[in-house]
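In: all I have is the shape, not the residue letters:
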């Protein structure tokens with residue numbers, strides 16, 4: 001009777017087929033693990049652990065990130081942490097910086113390496129939620145035998161990457177479980193929860209990076225990303241999230257040159273004199289609003305005479 005292929009056989013056989021790698025992100029990851037990282041699916045290896053000094057340094061450098069994620073990590077734990085799941089936050093290198101889990105599950109998760117200081121990059125342990133999400137720069141679900149290492153096929157993971165205010169990879173947020181009754185539907189629900197949390201964290205990081213700026217939401221077709229612009233008092237774009245950059249075709253150079261938000265958003269306010277007129281009209285409206293329509297007080301605020309303000313109000317049809 002022929003021997004039934006085991007998980008390692010499946011990895012070797014499937015990864016050797018170029019058509020499979022081209023059509024499946026999981027198989028493409030398996031090939032990276034074999035060819036790039038020189039890993040073997042049958043080897044018994046656990047995640048590498050960084051030294052305490054390296055971990056402290058990494059956590060210190062990512063202090064603002066850990067703080068911004070704390071509320072979302074807590075929220076995820078309150079939702080799923082007591083059902084055999086743990087929540088992990090890693091940096092861009094896959095080093096676990098923060099974790100939540102039920103005390104009764106700690107021993108099992110620690111033995112698996114789901115613990116701070118562990119490195120869950122693809123180079124460390126092959127295809128896995130954190131490492132593959134960081135490598136592919138997208139949200140992933142890695143269910144049991146989709147892991148590269150046979151030793152990790154008891155795990156199921158859903159992970160979403162987190163980008164910083166410049167659109168660069170900054171971290172990964174992960175929910176992992178070793179329950180054997182996890183269904184595809186359960187993973188889909190968990191995946192949506194972790195992606196929503198990552199979007200909220202990205203919005204928080206963006207606002208923290210531009211204190212005092214006006215934050216403008218950019219309309220996009222994608223509901224799974226956060227498209228925001230940071231705009232200064234002169235209507236110039238200070239920054240944009242990755243989703244906003246893609247939607248508006250922005251890069252660091254265009255932003256650094258001083259791009260009016262109205263131009264980026266194609267609001268068509270006009271040029272030259274029209275822009276000045278619009279700015280003056282807006283200033284008058286703000287002054288009148290702040291003084292509850294009192295013309296004398298508004299004129300004082302603007303530093304002009306009451307008669308001049310009346311003429312300008314007439315010109316802009318504000319009476």
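Out: Happy to help now that I have it. The model shown is predicted, which means the values in this text are computed figures rather than measured ones.
In: please enumerate the strands of the stretch 51-200 of the chain.
Out: 85-91, 96-100, 118-119, 140-143, 156-163, 169-177 (DSSP state E, counting those that start in this stretch).
In: what sits up against the third one?
Out: What that stands for is strand 118-119. 46, 47, 48, 49, 50, 93, 94, 95, 96, 125 (Cβ atoms under 8 Å, 6 or more residues apart in numbering). The C-beta positions use only the backbone N, C-alpha and C, and glycine is treated the same way.
In: for the fourth one, list the residues it contacts.
Out: Pointing back at residue 49 there. 113, 117, 118, 119.
In: got those as TSV, with neighbour count, pLDDT and distance to residue 66 columns?
Out: Compiled in TSV, the contacts of residue 49 are given as follows (neighbours: other Cβ atoms under 10 Å; pLDDT from 0 to 100; distance: Cβ to Cβ, whole Å):
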residue	neighbour count	pLDDT	distance to residue 66
113	22	94	20
117	19	97	14
118	24	97	16
119	20	98	17
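In: mind listing what's buried along stretch 73-84?
Out: 73, 75, 76, 77, 80, 81, 84 (16 or more other Cβ atoms under 10 Å).
In: just stretch 155-169 next, same as before
Out: Applying 16+ other Cβ under 10 Å to stretch 155-169 flags 155-165, 167, 169 as buried.
In: return the closest of those residues with respect to residue 54.
Out: Distance to residue 54, by Cβ to Cβ, is smallest for residue 169 among those, at 19.3 Å.
In: ok, that closest one touching residue 133?
Out: No - taking contacts as Cβ atoms under 8 Å, residue 169 lies outside contact range of residue 133: 9.3 Å.
In: find residues that contact each of these two.
Out: residue 161.
In: so which elements touch the helix or strand that contains residue 263?
Out: Using DSSP states H and E, residue 263 maps to helix 261-264. Contacts defined by 3 or more Cβ pairs under 8 Å, 6 or more residues apart in numbering; DSSP states H and E place helix 261-264 against strand 228-231.
In: re earlier: of the contacts of strand 118-119, just the buried ones, ChimeraX syntax please.
Out: Entered in ChimeraX, the line below selects the buried ones among the contacts of strand 118-119, by 16+ other Cβ under 10 Å:
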select :47,48,49,50,93,94,95,96,125
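In: out of the contacts of strand 118-119, list just those in helices.
Out: Applying DSSP state H to those, the entries found in helices are residue 125.
In: run through the strands of the stretch 201-319 of the chain in chain order.
Out: Under DSSP E, counting those that start in this stretch, the stretch 201-319 of the chain gives strands at 214-217, 228-231, 237-240.
In: sorry, back to before: list just the one of the strands of the stretch 51-200 of the chain that sits closest to residue 30.
Out: Per Cβ to Cβ, nearest to residue 30 of the strands of the stretch 51-200 of the chain: strand 140-143, 11.2 Å.
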